[in-house]
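J.: Pasted the sequence and its predicted model underneath.
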Amino acid sequence: MARGKIQMRRIENPTSRQVTFSKRRSGLLKKARELSVLCEAEVAVIIFSQKGRPYEFASNSEIQKIIDRYCRSVNDVDSYKANMEQYILHLKQETMDMERKIELLEVSLRKLSGQCLASCSIDEIQMIGDQLERSLSSVRARKAQLFNDQIQQLQAKERSLKEENAKLIAKCHANRWESTAHSRAAAIHSQSCRSTHVETRLSIGLPES
């Protein structure tokens, strides 16, 4: 026959309550001991009866060490949570500061582009004009520098091309001179060959008809 389900509520009968406490206390301490042995866990159990009598179990036989470890762990967790909360607040403050800076920059940019000037005073208009003049001067100076650098590069390239052209002209003249000298040498050689073919045979009497 199956045992009926016990309702989780205070047992009114003192005797039954004491018997149940003793049985369940022993079972709880037994389970704690089994857990520490089977899983190599540090387990500590503290029980106070209704009359204030303490019952305890510690896996390493020194319950104070486990309690101290628990306190350190809780303190570390609390410290970590406090640091994280402080860090999150710092990030939120930085985000708000960045949003304000971006908003100010956007307003300043609109004013520099000629927008939202109706609410500006004469002093603000003068400051915007001075800032635009300085910006325009910087742009013109940078533009002049870029033009000057480009002109210098083109002049250097022109000098390089002139030098290369002079070398090509000199090479062309040298080749032409060599060709003329070769032609003259060939002509002299040809004349020399013709002079060596003159009849040098000596004969006596009338020449043959």
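T.: Thanks, I have it.

J.: now for whichever strand or helix holds Asp123, which elements pack on it?
T.: Using DSSP states H and E, Asp123 maps to helix 122-195. Where contact means 3 or more C-beta pairs under 8 Å, 6 or more residues apart in numbering; DSSP states H and E, helix 122-195 is packed against helix 63-112. Glycine gets a C-beta too; all of them are placed from N, C-alpha and C.

J.: Between helix 122-195 and the helix it packs on, find me the angle.
T.: Per axes from the mean of the first three to the mean of the last three C-alpha atoms, to 10 degrees, the angle that helix 63-112 makes with helix 122-195 is 80 degrees.

J.: mind showing which ranges of the chain have poor pLDDT?
T.: By pLDDT under 70, the low-scoring segments of the chain are 1-4, 61, 189-209.

J.: okay, now the domains of it?
T.: As given by automatic domain parsing, the domain ranges for the chain are 15-61, 74-118, 120-182.

J.: Which among those is found nearest to Gln7?
T.: Each of the domains of the chain has some distance to Gln7 by C-beta to C-beta; the shortest is domain 15-61, at 12.5 Å.

J.: Now do the closest one: distance to the chain's middle.
T.: Chain-centre distance of domain 15-61: 57 Å, with C-alpha atoms, centre = their mean, to the nearest Å.

J.: do the same with stretch 154-172
T.: The answer for stretch 154-172 is 48 Å, by C-alpha atoms, centre = their mean.

J.: CA atoms only for it - export them in CSV, please.
T.: Output in CSV follows, covering the C-alpha atoms of stretch 154-172 (Å, rounded to 0.1, in the frame of the first residue of the first chain):
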residue,chain,number,x,y,z
LEU,A,154,56.7,68.5,-63.1
GLN,A,155,59.9,70.5,-63.3
ALA,A,156,61.9,67.6,-62.0
LYS,A,157,60.3,65.4,-64.6
GLU,A,158,61.0,68.0,-67.3
ARG,A,159,64.7,68.0,-66.4
SER,A,160,64.8,64.3,-66.5
LEU,A,161,63.2,64.2,-69.9
LYS,A,162,65.7,66.8,-71.2
GLU,A,163,68.7,64.8,-70.0
GLU,A,164,67.3,61.7,-71.6
ASN,A,165,66.7,63.5,-74.9
ALA,A,166,70.3,64.9,-74.9
LYS,A,167,71.6,61.4,-74.3
LEU,A,168,69.6,60.1,-77.3
ILE,A,169,70.8,62.9,-79.6
ALA,A,170,74.4,62.2,-78.6
LYS,A,171,73.9,58.5,-79.3
CYS,A,172,72.3,59.3,-82.6
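
J.: who's in contact with that stretch?
T.: Stretch 154-172 has contacts (C-beta atoms under 8 Å, 6 or more residues apart in numbering) with no other residue.

J.: ditto for stretch 23-41
T.: Here stretch 23-41 has contacts from 42-43, 45, 47, 55, 57, 59, using C-beta under 8 Å, 6+ apart.
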